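1. quick one: sequence and predicted model below, then my questions.
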Amino acid sequence: QVQLVESGGGLVQAGASLRLSCAASGRTFSTYAMAWFRQTPEKEREFVAAISWIGERTYYAEAVKGRFTISRDKNTLSLQMNSLKPEDTAVYYCEARGGEPVSSPVLYEYWGQGTQVTVSS
């Protein structure tokens with residue numbers, strides 16, 4: 001069992017930066033691929049970024065490539081978000097799975113409660 005708790009969300013203006021964190025506890029976190037997803041009331045949960053369990057491979061959605069950076073250290077997963085846009089507004093979820101990172105949220109075994117990110121224009 002893995003417990004995930006996200007933090008770092010907030011209300012910012014377009015162009016600002018935020019850093020999201022996901023604290024993991026429980027089973028061996030370091031053996032799990034991790035990812036960030038986001039969701040709005042109008043859309044299904046969508047892939048944002050993923051990182052392999054060693055951390056040597058990262059993957060990004062086209063919409064965030066070059067602006068967001070995913071990283072992991074010990075029991076923490078992070079998402080550095082720069083040059084935020086109003087369309088980045090969503091609830092952001094941290095998710096974990098055994099095996100390789102993938103972009104489908106249904107293939108992840110664990111997820112947190114989410115943290116709200118709101119970007120005003």
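-> It's in.

2. check which helix or strand the residue nearest the centre of the chain maps to.
-> In the chain, the residue lying closest to the centroid (C-alpha atoms, centre = their mean) is W36, at 2.1 Å. For W36, the host element (DSSP states H and E) is strand 32-39.

3. avg pLDDT for that strand?
-> Strand 32-39 comes out with an average pLDDT of 96.

4. what ranges does the chain have for its helices?
-> In the chain, no helices are defined using DSSP state H.

5. how many neighbours does the closest residue to E95 other than its chain neighbours have?
-> Closest residue to E95 apart from its sequence neighbours, by C-beta to C-beta, 6 or more residues apart in numbering: Y108 at 3.8 Å. No exception for glycine: its C-beta is placed from N, CA and C like everyone else's. Y108: 22 surrounding residues under other C-beta atoms under 10 Å.

6. Y108 and A96 touch, don't they?
-> Yes. Contact criterion C-beta atoms under 8 Å: Y108 and A96 qualify, at 6.3 Å.

7. need the overlap of contacts for the two.
-> By C-beta atoms under 8 Å, 6 or more residues apart in numbering, Y108 and A96 have these common neighbours: A35.

8. follow-up on the earlier one: distance of the residue nearest to E95 from E100?
-> Y108 sits 12 Å away from E100, going by C-beta to C-beta, to the nearest Å.

9. next one: I54
-> Counting by C-beta to C-beta, the gap from I54 to E100 is 11 Å.

10. now do the shared contacts for these two.
-> With C-beta under 8 Å, 6+ apart applied, the contact sets of I54 and E100 do not overlap.
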